[in-house]
Structure formats: C-alpha cells, structure tokens
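Colleague: structural data only, the sequence is not supplied:
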C-alpha cells in the first residue's frame with residue numbers, strides 16, 4: 001500500500017494550495033480518507049475527513065469554511081483544497097486511509113510540507 005502526497009509548498013497568507021494524495025495497493029473506495037497535520041512544536045491533529053462515497057465530510061474548527069476535502073474514487077485520489085491560508089496552517093500534512101472495523105490497519109503517507117509566510 002502506498003499513499004503519496006503532493007502539492008505542498010510556500011504560500012502567502014490569504015493564498016491557496018491544493019494537496020493531493022494518490023493511493024495504490026488498496027481498495028480505495030473501502031477506506032475513509034483523512035488529512036492530518038503536525039505543525040512546529042504541535043501535536044498531530046485531524047484536519048478533515050471524508051467518507052467512502054465522498055458525500056460526508058467533517059472538518060476541524062480551525063479550518064472550517066476555508067478547507068475542502070474531496071475524493072475521486074475512480075482516480076484513487078483525495079484532495080485538500082486550502083484557501084485563505086494563515087501562518088498557523090504551516091505544518092506537514094499527511095493523508096491517512098482507515099477502515100472503521102476492529103483490527104483494521106491504518107495507512108499513512110509520507111507527508112508534504114506546507115509553509116504559509118509573507
């Protein structure tokens with residue numbers, strides 16, 4: 001199983017970035033997909049999550065209204081559109097594939113750095 005994130009980089013405050021996570025080696029549509037982040041000196045936190053079909057999403061309060069998670073099961077990809085970026089959004093962003101079953105294994109990507117700075 002591989003999850004490969006892309007799309008990170010440097011953005012100005014108020015700017016936008018679009019992260020992508022490409023999955024292989026798993027039945028993508030059978031996994032709940034999430035984005036997490038870990039900022040400097042911070043604990044890892046859940047940013048956004050999308051269900052199997054892509055029609056139910058949930059967001060951390062800190063990104064609600066600014067970030068949008070979406071998935072394309074045909075392309076085995078999950079995206080995180082990040083708008084109105086703030087310096088506090090600076091973090092390494094990780095995608096995670098999980099199943100809501102006892103004993104199910106989670107899979108993580110390697111992370112992509114997002115830096116928001118003027």
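Modeller: Sure thing, it's come through. Source: prediction; values computed, not measured. Numbers count the residues shown, from 1 in each chain.
Colleague: how about the helices in this structure?
Modeller: Assigned by DSSP state H, the helices in the chain number zero.
Colleague: can you give me the neighbour number for residue 108?
Modeller: 15 (other CB atoms under 10 Å). For the C-beta atoms, the positions are set from N, CA and C on the backbone; glycine is no exception.
Colleague: contacting residues around it?
Modeller: Contacts for residue 108 (CB atoms under 8 Å, 6 or more residues apart in numbering) come out as 3, 94-97.
Colleague: next one: residue 64
Modeller: No residues are in contact with residue 64 under the rule CB under 8 Å, 6+ apart.
Colleague: now go through the contacts of residue 108 and say which are in strands.
Modeller: 3, 94-97 (DSSP state E).
Colleague: turn those residues into JSON lines, including distance to residue 40, neighbour count and pLDDT.
Modeller: Below are the ones in strands among the contacts of residue 108 laid out as JSON lines (distance: CB to CB, whole Å; neighbours: other CB atoms under 10 Å; pLDDT from 0 to 100):
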{"residue": "3", "distance to residue 40": "23", "neighbour count": "24", "pLDDT": "98"}
{"residue": "94", "distance to residue 40": "15", "neighbour count": "21", "pLDDT": "98"}
{"residue": "95", "distance to residue 40": "20", "neighbour count": "28", "pLDDT": "98"}
{"residue": "96", "distance to residue 40": "20", "neighbour count": "19", "pLDDT": "98"}
{"residue": "97", "distance to residue 40": "26", "neighbour count": "24", "pLDDT": "98"}
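Colleague: ok, which pair from the contacts of residue 108 is furthest apart?
Modeller: The largest distance within the contacts of residue 108, taken as CB to CB, falls between 94 and 97 and amounts to 10.8 Å.
Colleague: residues near residue 17, how many?
Modeller: 21.
Colleague: so what's it bridging to?
Modeller: In this structure, residue 17 bridges to residue 82 when assessed by DSSP bridges.
Colleague: ok, the one 4 residues further on next?
Modeller: Using DSSP bridges, the bridge partners assigned to residue 21 are residue 5, residue 78.
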